[in-house]
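mind folding the following:
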Amino acid sequence: MRYTEYVMEEEKYGFSWEEEVKQAVQKFERMKRNNESYFFDVIEFESIIDYYIESNNPAKAFEAAALATKQHPHSVSIQLRKARVMLDKGRGVEALKILKHLENIEPGNHEIYIAKGTAMGMLGDIQGARKMFDYALSLDADDTANILFSIVSVLQNLNYYEHVIPYLLRLIVKEPEFKAHLYDLAYAYEKAEDYENSVEYYLKYLEEDPFSDSAWYNLGIIYNKLEQSLKALEAYDYALAINSQNTFALFNKGNILSNLDRCAEAIPVYHEYLENEPESFEAMNYLAECYERTGDVALAKKYYQDSIELSPEYADPWFGLGVIELNTGNPDDSLIFFRKAVRLDDENPEYWYLLGKAHYVKGEIKNSLSCFREALKIDPYYDDVWLDLGKIILKEDLAGRAVPYLENAYKASGDVPGINYLLASFYIQSGNLDKAYKHLSMAIEMDKDLFDDFIEFFQRPHLSKRIIRLLKENNLI
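Predicted structure coming up:
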């Protein structure tokens with residue numbers, strides 16, 4: 001029974017349901033406290049068990065259900081509540097045993113099938129659960145809205161968002177006055193990664209409740225996922241206009257501005273966020289990045305160091321300091337910071353790449369190539385690494401020695417554009433034009449636009465007529 005029905009029943013019969021429940025619970029707790037034995041009728045036990053379930057007190061609910069089962073062993077409603085208590089305790093198999101027994105006693109009771117569907121859903125059988133839910137809906141046409149509401153609540157609690165959508169759509173038709181259903185549907189579409197429908201229903205909800213900062217915030221997240229950054233910014237601004245303390249919206253707004261390279265605008269947003277969340281080492285790091293990109297190296301260093309003080313094991317600010325030192329001509333210092341970043345996070349290919357660049361600036365070619373290899377192991381599609389690797393190989397006249405390594409890398413990682421462009425270039429230099437044509441064809445097919453980055457590796461005097469024709473056919477020369 002939902003809250004609105006309790007209210008109507010109270011008005012009809014002139015008693016307070018809450019008072020009845022309170023008295024029953026006090027009686028039960030007095031019995032337990034005094035270690036006595038009291039008798040409770042079925043209705044009292046129902047209210048006691050329901051109270052503890054709704055109060056999120058599964059231990060007390062189980063106690064009450066156990067005693068209720070002893071005093072009223074043949075009560076279907078008590079057994080049903082015992083099954084619900086089992087479900088709350090995560091004991092789905094035991095709940096199913098009780099429910100299968102009740103199914104034989106009251107085959108027309110839709111509550112049994114909702115509980116049975118809940119148990120099956122908990123045990124991972126979502127298709128079986130949906131069969132139970134659909135059967136429950138077929139049993140009572142007069143109570144469809146309440147049954148749908150129960151099914152929706154169960155599926156939401158079990159995180160079956162994709163499966164909750166059809167039930168929410170039906171519930172919206174049944175209860176168009178309950179606008180919260182629109183919000184729930186938008187959220188379900190969001191969790192199911194159906195972002196277009198999520199936007200549609202968030203907007204419908206906002207037509208009814210335009211001052212919901214949480215809906216505007218969620219809408220901003222969806223727009224961001226859809227790469228509609230300006231709409232996301234607008235949504236976050238609405239959320240903040242309604243609730244200036246929505247720090248999540250503030251943080252995300254700063255991130256979008258930074259990603260749009262609007263760092264001058266992002267900086268005050270991050271500062272405002274840090275006023276509310278001064279311990280956020282991530283925001284401190286992002287603020288430092290913005291200062292770095294706007295050319296304020298001193299403040300960038302300050303906030304990178306502040307971020308490190310807050311969380312010494314967070315790799316990003318160490319990396320940020322390394323970038324600053326490398327860009328300002330201090331490769332020795334940059335190596336210190338890059339090495340620290342790699343020690344903290346050796347699965348980030350960018351860290352290995354910049355560490356390799358720092359080694360190369362120092363003239364440490366072997367170390368540089370080793371770092372590039374580590375970067376490419378993690379991300380074989382990291383085109384900047386392939387490009388720099390090729391430049392080093394050409395400059396240091398290592399093409400002959402590099403080809404076997406690249407062939408092995410090609411066998412390991414497959415058709416990666418960067419490998420193919422480099423192999424094509426080096427085979428041209430060695431005069432193996434058939435292999436050069438093969439790898440260049442594959443590279444162009446995979447990523448034609450990337451050729452512009454590698455164009456210096458394909459100087460026209462060294463190209464065969466066949467390769468020139470291939471480049472012309474693809475409008476690359």
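
could you work out the end-to-end span of stretch 338-349 for me?
By C-alpha to C-alpha, to the nearest Å, the extent of stretch 338-349 from end to end equals 12 Å.

buried ones in that stretch?
338, 340-342, 344, 348-349 (16 or more other C-beta atoms under 10 Å). All C-beta atoms are positioned from the backbone trio N, CA, C, and that covers glycine.

closest to Leu158 out of these?
Among the buried residues of stretch 338-349, Asn348 lies closest to Leu158 (C-beta to C-beta), at 35.1 Å.

could you report the neighbour count for the residue lying closest to the closest one once chain neighbours are set aside?
Leaving aside its chain neighbours, Asn348 sits nearest to Ala315 (7.0 Å; criterion: C-beta to C-beta, 6 or more residues apart in numbering). Neighbour count of Ala315, defined by other C-beta atoms under 10 Å: 19.

pretty sure Ala315 contacts Glu350?
No: in this structure, Ala315 is not within contact of Glu350 by C-beta atoms under 8 Å, at 10.5 Å.

residue contacts, Leu344?
By C-beta atoms under 8 Å, 6 or more residues apart in numbering, Leu344 lies in contact with 313-315, 318.

count the neighbours of Ile308 for me.
Quick note: Ile308 (other C-beta under 10 Å) scores 23 neighbours.

touching, it and Asp316? I think so.
No: proximity of Ile308 to Asp316 does not meet the contact threshold set by C-beta under 8 Å, at 9.6 Å.

shared neighbours of the two, anything?
Counting by C-beta under 8 Å, 6+ apart, nothing touches both Ile308 and Asp316.

chain neighbours aside, what residue packs nearest to Leu203?
Leu219 (7.4 Å).

for the protein, what helix or strand is lowest in average pLDDT?
helix 3-13 (a mean of 41; mean pLDDT, DSSP states H and E).

for the next helix or strand after it, name the packing helices and strands.
Remark: after helix 3-13, the chain's next helix or strand is helix 17-34, criterion DSSP states H and E. Packing contacts for helix 17-34, counted by 3 or more C-beta pairs under 8 Å, 6 or more residues apart in numbering; DSSP states H and E, involve helix 3-13, helix 42-54.

go again using 6 Å as the cut-off
helix 42-54 (3 or more C-beta pairs under 6 Å, 6 or more residues apart in numbering; DSSP states H and E).

for stretch 395-403, buried residues please.
398-399, 402-403.

of these, which pair is most distant in space?
Maximum distance among those (C-beta to C-beta): 9.6 Å, for Leu398 and Val403.

how about the residue minimising distance to the centre of the chain, nearest residue that isn't a chain neighbour?
Nearest residue to the geometric centre of the chain (C-alpha atoms, centre = their mean): Lys191, 8.7 Å. Residue nearest to Lys191 in three dimensions, not counting chain neighbours: Tyr161, with 3.7 Å by C-beta to C-beta, 6+ apart.

residues in contact with that neighbour?
By C-beta atoms under 6 Å, 6 or more residues apart in numbering, the contact list for Tyr161 reads 188, 191-192.

give me that answer again for 8 Å
Contact analysis of Tyr161 by C-beta under 8 Å, 6+ apart lists 155, 187-188, 191-192.

now, those that are in helices?
Secondary structure defined by DSSP state H assigns 155, 187-188, 191 of the contacts of Tyr161 to helices.

show me where the stretch 251-400 of the chain has helices.
263-276, 281-293, 297-310, 315-327, 331-344, 349-361, 365-378, 383-395, 399-413 (DSSP state H, counting those that start in this stretch).

would you format those as TSV with mean pLDDT included?
Formatted as TSV, these follow (pLDDT from 0 to 100):
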stretch	mean pLDDT
helix 263-276	97
helix 281-293	98
helix 297-310	98
helix 315-327	98
helix 331-344	97
helix 349-361	97
helix 365-378	94
helix 383-395	91
helix 399-413	84
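
format these as CSV; extra columns: distance to Ser150.
Output for the helices of the stretch 251-400 of the chain, formatted as CSV (distance: least, C-beta to C-beta, whole Å):
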stretch, distance to Ser150
helix 263-276, 39
helix 281-293, 40
helix 297-310, 46
helix 315-327, 46
helix 331-344, 48
helix 349-361, 49
helix 365-378, 48
helix 383-395, 53
helix 399-413, 51
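
where does the stretch 1-150 of the chain dip in pLDDT?
For the stretch 1-150 of the chain, residues meeting the criterion pLDDT under 70 lie at 1-17.

what is the burial count for the residue nearest to Gly108 when sequence neighbours are not counted?
Spatial nearest neighbour of Gly108, chain neighbours left out: Leu139 (5.7 Å); criterion: C-beta to C-beta, 6+ apart. A count of nearby residues for Leu139, using other C-beta under 10 Å, gives 15.

so Leu139 sits right up against Glu111, yeah?
No: using C-beta under 8 Å as the test, Leu139 is too far from Glu111 to be in contact (9.6 Å).

let me see the contact set for Trp386.
Neighbouring residues of Trp386 by C-beta under 8 Å, 6+ apart: 376, 416-419, 421-422.

against Phe337, how distant is it?
For Trp386, the distance to Phe337 equals 25 Å [C-beta to C-beta, to the nearest Å].

which one of the contacts of Trp386 sits closest to Asn104?
Val416 (62.3 Å).

just to revisit the earlier point, out of the helices of the stretch 251-400 of the chain, nearest to Thr144?
Among the helices of the stretch 251-400 of the chain, helix 263-276 comes nearest to Thr144, with 45.3 Å by C-beta to C-beta.

for Lys366, give its distance to Phe372.
Taking C-beta to C-beta as the measure, Lys366 falls 11 Å from Phe372.

if you count what's nearby, which of those two comes out ahead?
Neighbours around Lys366 and Phe372, counted as other C-beta under 10 Å, are more numerous at Phe372. The numbers are 25 against 8.
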